[in-house]
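> Build the 3D model from these lines:
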Amino acid sequence: MRNIISVRTMSDGRASQIIHHTFIMLKNYFKIAFRNLLKHKGYAAINITGLAIGIASCLLLFLVVRYEMSYDKTQPNYKNLYHVVTQNKYADRTNYTSGIPNPALEALRLQMPNTKFTALNSLYGAQVSVVNNSGGADKKFIEDSGMFFCEPTFFELFSYTWLNGSPAALKEPNTVVLTKKYAEKYFGNWKDAVNKMLLMDNFVPLKVTAILDDVPANTDFPLGALVSYETVKKYGDHYNFNATEWGTTSSNYQIFALLPASMTQAEGDRQLLEFSKKNYTGRNDKSEKINFLQPLKDVHFDKRFETFGDHVTERSTLLTLSLIGLFIIIMACINFINLSTAQAVGRSKEIGMRKVLGSSRKQLFLQVMGETGLIVLIAGILAIIIAMLCLPYIKHIVSIQENLSLFNAQTLVFGLLTGAVVTLFAGLYPSLILSGFKPIMALKNRITSAKVGGISLRRGLVVTQFVISQVLIVGTIVAVMQMNFVHNADLGFNKEAVLLMSTNADSSVIQQYGAFREKLLQTPGVVNVSFNADEPSSDNNWSSNFAFDHKDDEPYPVSLKFADENYFKTFGLEFIAGRPFEKSDSVREIVINETLLKKLNLKKPEDALSKDIRIGGAPWKKIVGVVKDFKTNSLRDAINPILIIQNSNFYGKTAIKISSSNLAQTQSAIENTWNSFYPSYAYKTAFMDTKINDFYKQENQLSLLYKIFAALAVFISSLGLFGLVSFMAVQKTKEVGIRKVLGASERNIVYLFSKEFTVLILISFVIAAPLAWYMMNGWLQNFQYRIQLGAGVFLIAILISIMIAWITVGYKAIKAAVANPVKSLRTE
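Just a heads-up that it's a prediction; the model follows:
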């Protein structure tokens with residue numbers, strides 16, 4: 001027993017000695033590392049600044065990418081939930097839409113009984129009035145998102161938290177379930193909302209029957225007010241809901257499916273193909289319509305299909321952001337490697353002495369890695385501070401409405417991994433070089449910068465930095481030029497100073513259109529007024545099959561624009577033949593665009609006049625005019641063939657052309673006129689040019705990101721360049737002095753320093769140019785109308801790079817060139 005105790009005592013003592021020695025060793029490593037930082041403050045500052053910016057960029061981009069990738073992942077059935085989408089194949093193109101015919105829901109349940117289906121029908125632009133105790137409306141809201149017709153079965157597929165009530169609250173017509181946020185908006189306190197009354201669109205009474213907890217911001221189902229599905233059946237005519245019409249689809253009406261655990265997506269698609277053949281074959285629209293499944297995990301990333309969320313982010317965009325973050329941190333690491341290996345000459349005697357005094361290569365390796373770790377630690381702390389300062393501005397750069405936080409488990413793990421990888425990547429090579437010095441060579445001062453790490457390696461790293469910088473510079477130039485082109489492009493109509501007003505197309509509003517328009521025209525500053533379904537360029541893709549000149553249906557659809565006779569003057573649409581249609585409340589005459597003229601193989605615009613067109617199964621109508629093409633959607637899309645027709649039942653907007661002077665006064669007068677005519681309707685407006693700019697929100701954000709990160713890349717590469725030139729100036733002190741004594745001019749000295757880096761930049765340009773062309777040419781393919789990617793863009797990029805390099809190198813080069821050669825030659 002005594003022997004056992006003594007052995008344990010000896011073991012414990014030895015263990016404590018090892019721990020003590022290890023602690024002393026680490027303490028010495030960090031003490032030496034800290035002294036080296038203080039000794040080389042300038043180089044340390046360059047390394048820490050570059051690494052801090054790189055790590056901060058990575059942290060912020062990680063938050064953005066993680067947020068976008070997290071959409072709807074909180075749903076328990078996430079892996080088995082699918083979106084039922086539609087593919088329309090025509091003779092000349094294939095269209096995709098999230099829309100599906102209204103009768104499809106019940107048909108799917110009958111034909112695929114093992115799969116659960118549900119639908120959401122969005123109520124874009126619905127008006128909600130809060131009914132007070134006397135039956136009047138205290139508050140009025142126009143809901144552009146968050147309001148849906150919904151059935152109880154929706155909650156069998158999707159999971160949400162109920163604060164009051166259950167899905168059964170949606171069984172009866174004229175009932176509504178509110179989220180906590182919407183209940184507080186309408187009634188102040190969500191607990192007081194149940195059994196209160198709302199009025200939708202001034203004629204549909206709704207009783208609040210339950211309250212849901214707020215949905216997360218990272219969802220494509222921004223639920224706010226859920227009106228029972230029985231309500232849309234009851235008021236179907238007003239909301240264009242037809243439970244027997246298979247020929248009409250709208251992206252407002254979408255169906256979702258929960259597959260049984262035993263069913264694969266491929267099997268689901270096979271059953272949907274059979275469903276499509278049974279229900280769509282033989283219908284008179286000249287297209288092959290197929291429904292198929294889109295996994296919920298793809299909904300947020302597929303731009304072919306509309307979602308209920310506020311944006312769609314392609315995975316390629318997230319990949320681009322991830323690569324930018326990676327490139328920025330690589331550039332910072334390159335700075336560290338270059339400066340560390342360049343500085344190694346100055347530390348050769350220190351390393352030689354340590355080896356003579358018994359230090360092993362492993363100990364020296366760990367010492368240098370410890371120094372790297374200390375620099376990365378300081379840079380990491382600074383990066384967190386930078387990221388925290390930048391977080392409030394993230395919303396202006398990307399489509400994130402939620403407040404992001406750096407302090408969560410995933411970000412912490414990512415930050416630690418980033419720090420470890422950066423330490424390893426940046427410190428490994430310098431540690432191997434320094435710890436590999438031969439003591440005799442080091443003590444005799446025979447180690448030169450050319451032998452430490454190799455000049456070719458440092459040149460290669462500098463080239464890598466400038467390749468990244470120039471790719472980002474080209475990307476920035478192209479993105480800015482394309483967005484300038486988009487914002488200044490001729491759209492084929494006048495978008496300036498056109499005020500768009502939301503208008504309910506119910507009978508009480510329609511009856512006063514004439515008097516309302518006349519009153520508006522009497523307002524100083526109002527030039528013209530038009531009632532319509534939507535503006536010339538919009539995200540509305542209402543289309544139909546049609547026939548021309550008493551022939552069979554054409555093998556492609558035509559887009560429909562519903563508008564009155566004043567539409568053309570209000571938006572400045574130009575006629576190339578014929579005239580506007582005459583005043584009417586229903587379809588009597590038709591105006592077409594140039595694209596439709598060409599698709600009908602008509603050689604002259606006049607050839608279309610007085611010809612007949614039939615829309616769907618409606619009677620034949622005469623073409624009375626042809627307008628010059630205008631951009632019907634964003635510049636990403638080709639111009640659609642269009643029919644402009646009259647039907648006051650669809651006029652949900654009022655477009656008011658106003659003069660550019662006294663805008664505020666004119667707008668105030670318009671609001672007063674609206675309130676005098678329609679006191680029970682909410683007043684909501686937006687300018688046409690603002691709505692068009694919203695088409696390109698993501699492209700503008702990407703352009704801004706390119707600007708920011710191109711600037712950071714240039715800054716980091718310039719920091720590294722400045723450090724290397726500073727080191728060169730010290731190393732070449734005697735050489736510069738000798739050259740000046742032998743007659744070299746200051747220009748010759750500056751040339752000595754700048755020529756090498758200029759050559760390296762030119763080499764990097766040769767590598768960067770094709771990479772940048774490939775990336776940005778691919779991005780431009782997203783636009784039907786785009787700039788030409790010519791040589792000028794690349795010439796600007798190389799000139800910017802050379803100019804920045806010369807400015808960076810020039811300061812130190814000139815300082816070395818004007819130095820007194822006598823002092824230089826005295827320097828040892």
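> Quickly find the element holding the closest residue in space to residue 765 that isn't next to it in sequence.
Distance criterion CB to CB, 6 or more residues apart in numbering; nearest residue to residue 765, sequence neighbours excluded, is residue 798 at 4.8 Å. From N, CA and C alone the C-beta is placed, and that goes for glycine too. Per DSSP states H and E: residue 798 is located in helix 791-817.
> can I assume the residue nearest to residue 765 is in contact with residue 470?
Yes: under the criterion of CB atoms under 8 Å, residue 798 makes contact with residue 470 at 7.1 Å.
> Overlap of the contact sets of those two?
residue 765 (CB atoms under 8 Å, 6 or more residues apart in numbering).
> out of those two, which sits in the more crowded spot?
residue 470 (27 against 20; other CB atoms under 10 Å).
> mind checking the SS state of the nearest residue to residue 475 once chain neighbours are set aside?
Of all residues not flanking residue 475 in the chain, residue 706 sits nearest, at 4.8 Å (CB to CB, 6+ apart). Here residue 706 is recorded as helix under DSSP: H, G, I helix; E, B strand; the rest coil.
> OK, contacts around residue 706?
472, 475, 476, 479, 480.
> is it true that the second one touches residue 775?
Yes: counting by CB under 8 Å, residue 475 does reach residue 775; the two are 6.7 Å apart.
> higher neighbour count, these two?
residue 475 (25 against 16).
> which ones are touching that one?
Applying CB under 8 Å, 6+ apart, the residues near residue 475 are 706, 710, 772, 775, 776.
> got it, and residue 227?
123, 147, 148, 149, 150, 175, 176, 200, 206.
> Next: residue 426.
51, 332, 333, 336, 337, 340, 372, 376.
> Kindly recompute the last result at 6 Å.
Neighbour list for residue 426: 333, 336, 372 [criterion: CB atoms under 6 Å, 6 or more residues apart in numbering].
> Go through the residues you listed and single out the one with the most neighbours.
Counting by other CB under 10 Å, top hit in the contacts of residue 426: residue 336 with 29 neighbours.
> Which elements pack onto the host helix or strand of it?
Element membership for residue 336 (DSSP H and E) is helix 315-343. With contacts taken as 3 or more CB pairs under 6 Å, 6 or more residues apart in numbering; DSSP states H and E, helix 315-343 sits against helix 41-69, helix 409-435, helix 455-488, helix 697-731.
> Any buried residues in the second one, and which?
Within helix 409-435, the residues that qualify as buried are 411, 414-415, 418-419, 422-423, 425-427, 429-431, 433-435, counting by 16 or more other CB atoms under 10 Å.
> Also the last one?
The neighbour-count criterion (16+ other CB under 10 Å) identifies 698-710, 712-729, 731 as the buried residues of helix 697-731.
> How about stretch 72-79?
72, 75.
> Now do that stretch: distance to the chain's middle.
22 Å (CA atoms, centre = their mean, to the nearest Å).
> what's in contact with it?
159, 219, 258, 296.
> what pairs with the nearest residue to the last one once chain neighbours are set aside across the strands?
In this case it means residue 296. Ranked by CB to CB, 6+ apart and with sequence neighbours excluded, the top spatial neighbour of residue 296 is residue 81, at 4.0 Å. Bridge pairing for residue 81 (DSSP bridges) gives the partners residue 258.
> Tally up the residues packed near residue 533, please.
Residue 533, neighbours per other CB under 10 Å, totals 21.
> you'd agree it is up against residue 559?
No: using CB atoms under 6 Å, residue 533 is not in contact with residue 559, being 11.4 Å away.
> Which residue is the nearest non-sequential neighbour of residue 523?
Residue 523 sits nearest to residue 669 (CB to CB, 6+ apart), 4.7 Å away.
> wait, I meant residue 661
Per CB to CB, 6+ apart, closest to residue 661 is residue 525, 7.0 Å.
> The residue nearest in space to the middle of the chain and residue 68: what is the separation?
In the chain, the residue lying closest to the centroid (CA atoms, centre = their mean) is residue 698, at 4.4 Å. Separation of residue 698 from residue 68 (CB to CB, to the nearest Å): 11 Å.
> next one: residue 804
32 Å.
> Give me the below-cutoff pLDDT ranges for the stretch 301-450 of the chain.
Counting by pLDDT under 70, the stretch 301-450 of the chain shows low-confidence ranges at 342-359, 434-450.
> mind running it again at 90?
Where the stretch 301-450 of the chain drops to pLDDT under 90, the residues are 310-312, 314, 316-317, 320-321, 324, 331-375, 391-409, 411, 423-450.
> Show me this structure divided up by domain.
As assigned by automatic domain parsing, the chain contains the domains 1-31, 40-71+311-453, 81-299, 472-486+693-828, 504-680.
> I'd like those laid out as a markdown table, including distance to residue 463.
Output for those, formatted as a markdown table (distance: least, CB to CB, whole Å):
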| stretch | distance to residue 463 |
| --- | --- |
| domain 1-31 | 33 |
| domain 40-71+311-453 | 10 |
| domain 81-299 | 39 |
| domain 472-486+693-828 | 5 |
| domain 504-680 | 36 |
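> pLDDT below threshold where in the stretch 1-150 of the chain?
1-48, 50, 88-95, 124-126, 132-139, 144.
> hmm, back to that, as CSV, the helices and strands packed on helix 315-343 with distance to residue 631 would be great.
Formatted as CSV, the helices and strands packed on helix 315-343 follow (distance: least, CB to CB, whole Å):
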stretch, distance to residue 631
helix 41-69, 29
helix 409-435, 42
helix 455-488, 10
helix 697-731, 15
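> quick one on the thing from earlier: the helix holding residue 336 versus helix 455-488: what angle between them?
Between the axes of helix 315-343 and helix 455-488, defined by axes from the mean of the first three to the mean of the last three CA atoms, to 10 degrees, the angle is 150 degrees.
> What values do phi and psi take at the residue nearest to residue 523?
phi -70, psi -40 (degrees, to the nearest 10).
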